[in-house]
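**Student:** What follows is a protein structure lacking sequence information:
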């Protein structure tokens, strides 16, 4: 190759490099890249020209397919899907306070607080006061329980352009959680009264002794499935059912541990369910 040919090749390379450097770089969500000159960034589409093809033809690409644009002046623009863009949910209230409608049937009063962390993600904590409600066994239960879980709100099976959640905290969900329950209760013993029936008393075989107090300390790891509705960015209805494993110091035989049911000594399966009503703020 002659000297003149070498100089011509270097000039072509330099001109090509300068053209590329003068263009913007669009990086797609699948990591492919496109060189071009961005002309317009709309809500749903990015329009650009490709000087290698034509100076006048305008190309378009879905904004949801672009993760980043590196402009020729060195600035960088990043994009997220509408469904995951926090800016789309500025008007949504992000806190919930709820009460479990069924908990008084199990002699407890259960409140929960939920906080949105990001679109499709939230954290939820619950506390229960044991001894407030219907005492079906008349055992004078007194204590507390607590739960904490992380909620994954279901996203669509497929995405449409511009699609987003109706509300940050609305939709079907899965919530793994851990629970702890501690309470004391009166233990009664039953004896046959020889008159055809049973009666009860406390304190073993000493009829004059006071009723003994027992203690329950139980733990559980649960997986909940539920659905939550948020009406007019305010009123909330939440239904769920869950199962898992429970363990601990169980001195009862009925397995009603307030934070969950089951997990008796013979079988560790724990169950939970609830209907919650509340307010979004």
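**Tutor:** Now that the structure is in, tell me what you want to look at. All of these numbers come straight from a predicted model, not from anything done at the bench. Numbers count the residues shown, from 1 in each chain.
**Student:** from here on, contacts and neighbour counts on C-alpha atoms
**Tutor:** OK.
**Student:** Provide the partner residues of residue 49 in its beta bridges.
**Tutor:** residue 37, residue 58 (DSSP bridges).
**Student:** For the stretch 51-200 of the chain, which residues score under the pLDDT cut-off?
**Tutor:** For the stretch 51-200 of the chain, applying pLDDT under 70 flags the ranges 158-162, 188-200.
**Student:** at 50 what do you get?
**Tutor:** Scanning the stretch 51-200 of the chain for pLDDT under 50 picks out 190-192, 198, 200.
**Student:** gap between residue 61 and residue 114?
**Tutor:** Applying C-alpha to C-alpha, to the nearest Å, the value for residue 61 to residue 114 is 38 Å.
**Student:** And these two? Which one has more around it.
**Tutor:** Under the criterion of other C-alpha atoms under 10 Å, the comparison of residue 61 against residue 114 puts residue 114 first, with 21 against 15.
**Student:** how much space is there between that one and residue 148?
**Tutor:** Counting by C-alpha to C-alpha - residue 114 and residue 148 are separated by 10 Å.
**Student:** Identify the contacts common to these two.
**Tutor:** The contact sets of residue 114 and residue 148 overlap at 123, 124, 125 (C-alpha atoms under 8 Å, 6 or more residues apart in numbering).
**Student:** I'd say the second one and residue 151 touch.
**Tutor:** Just to be clear, that refers to residue 124. Yes. Counting by C-alpha atoms under 8 Å, residue 124 does reach residue 151; the two are 7.2 Å apart.
**Student:** Near residue 81, how many other residues are there?
**Tutor:** Residues near residue 81, counting by other C-alpha under 10 Å, number 18.
**Student:** Cross-check the contact I'm expecting between it and residue 68.
**Tutor:** No. When contacts are counted by C-alpha under 8 Å, residue 81 is not listed as touching residue 68 (11.7 Å).
**Student:** residue closest to the middle of the chain?
**Tutor:** By C-alpha atoms, centre = their mean, the chain has its centre lying nearest to residue 151, at 1.6 Å.
**Student:** and it, bridged to which residues?
**Tutor:** In this entry, residue 151 is beta-bridged to residue 122, by DSSP bridges.
**Student:** Confirm for me that it is in contact with residue 171.
**Tutor:** No. Here residue 151 lies out of contact with residue 171, judged by C-alpha under 8 Å, at a distance of 10.9 Å.
**Student:** how about the strands of the stretch 101-250 of the chain, start to end?
**Tutor:** With DSSP state E, counting those that start in this stretch as the criterion, the stretch 101-250 of the chain has strands at 108-118, 121-130, 142-153, 171-186, 189-192, 198-201, 213-231, 235-249.
**Student:** quick one: buried residues of the second one?
**Tutor:** With burial defined by 16 or more other C-alpha atoms under 10 Å, the residues of strand 121-130 counted as buried are 121, 122, 123, 124, 125, 126, 127, 128, 129, 130.
**Student:** just checking, what packs against it?
**Tutor:** In this structure, strand 121-130 makes packing contacts with strand 108-118, strand 142-153, judged by 3 or more C-alpha pairs under 8 Å, 6 or more residues apart in numbering; DSSP states H and E.
**Student:** could you check the angle strand 142-153 makes with it?
**Tutor:** Relative orientation of strand 121-130 and strand 142-153, computed by axes from the mean of the first three to the mean of the last three C-alpha atoms, to 10 degrees: 160 degrees.
**Student:** Over to the first one?
**Tutor:** Using the same axes, to 10 degrees, one finds that strand 108-118 and strand 142-153 are set 30 degrees apart in direction.
**Student:** Off-centre distance for strand 108-118?
**Tutor:** Strand 108-118 sits 11 Å away from the centroid of its parent chain (C-alpha atoms, centre = their mean, to the nearest Å).
**Student:** so what strands line up beside it?
**Tutor:** As defined by DSSP bridges, the strand partners of strand 108-118 come to strand 95-100 (antiparallel), strand 121-130 (antiparallel).
**Student:** Please identify the buried residues of it?
**Tutor:** Per 16+ other C-alpha under 10 Å, strand 108-118 contains these buried residues: 108, 109, 110, 111, 112, 113, 114, 115, 116, 117.
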